[in-house]
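K.L.:
Pasting the sequence and the predicted coordinates here, then a few questions.
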Amino acid sequence: MEKFYIVTEESDLNKEYLGYVNNRKEVNEFVKKFMKQEGITANEYNAEKIYIIPTDEDLESFNKVLNKQLENGLRQFKLNSDIAKRWIKFVSDNNIKILHKPFVGTYFNAYGRSWSRLFNVGDTIYCTYESEFDFTNPKGFKEIKASEFYKAIGE
């Protein structure tokens, strides 16, 4: 059964998700600074272990220190490369914490396989949760109609 929600301020997930969103913005600024300083021209990346979708220029400069391409085009800098070591030092020196997107399943009292979506449109946080077992709505989760949810996705 799948249910659709607006996550209100009453829920801890609201605070956790907003913290994650703000953290992403902060981390993005640090990544841009590091990439500029290192001469990386990629526009798409994953900050956790410095993955990039390399440009032709990046391939020319860094191909020998990049691992094989993943399905989504990302390539990780080899962990023993100087650039990866500088990234780790940069993160440590700047006291950067890279938060993960909150796991919605921890807020529901359901076990087994489950699926969820979590995103915001403006100031509103939307969530879906689906499980093969029955579950109750957690505190601060306002159930909405599927049509309202899909309308928000379209905005």
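P.N.:
Arrived safely.
K.L.:
which residues in the chain form strands?
P.N.:
Listed in chain order, the strands of the chain (DSSP state E) span 2-7, 45-46, 51-52, 75-76, 114-121, 124-131, 141-144.
K.L.:
Can you tell me which of those is most buried?
P.N.:
Neighbour counts (mean count of other C-beta atoms under 10 Å) averaged over each of those peak at strand 51-52, with a mean of 22. Just so you know, the C-beta spots here come from the backbone N, C-alpha and C atoms, and that holds for glycine as well.
K.L.:
Quick one: mean pLDDT over that strand.
P.N.:
Average pLDDT, strand 51-52: 96.
K.L.:
Check stretch 112-131 too.
P.N.:
On average, stretch 112-131 scores 94.
K.L.:
Looking at the protein, name the residue that lies furthest from the middle.
P.N.:
In the chain, the residue that sits farthest from the middle, by C-alpha atoms, centre = their mean, is Glu60; the gap is 28.5 Å.
K.L.:
What separation is there between that residue and Leu99?
P.N.:
For Glu60, the distance to Leu99 equals 33 Å [C-beta to C-beta, to the nearest Å].
K.L.:
Also Ser81?
P.N.:
25 Å.
K.L.:
which residues in the protein form helices?
P.N.:
In the chain, the segments counted as helices under DSSP state H are 12-38, 56-62, 82-93, 146-154.
K.L.:
which regions of this protein sit below the pLDDT cut-off?
P.N.:
155 (pLDDT under 70).
K.L.:
wait, what's in contact with the residue nearest in space to the middle of the chain?
P.N.:
With distances taken as C-alpha atoms, centre = their mean, Lys101 lies nearest the centre of the chain, 5.0 Å away. Neighbour list for Lys101: Tyr17, Tyr20, Leu118 [criterion: C-beta atoms under 8 Å, 6 or more residues apart in numbering].
K.L.:
how about 7 Å then?
P.N.:
Lys101 sits next to Tyr20, Leu118 when contact means C-beta atoms under 7 Å, 6 or more residues apart in numbering.
K.L.:
Next one: it from Cys127, what distance?
P.N.:
In this view, Lys101 and Cys127 are 12 Å apart by C-beta to C-beta.
K.L.:
Many thanks, we can stop here.
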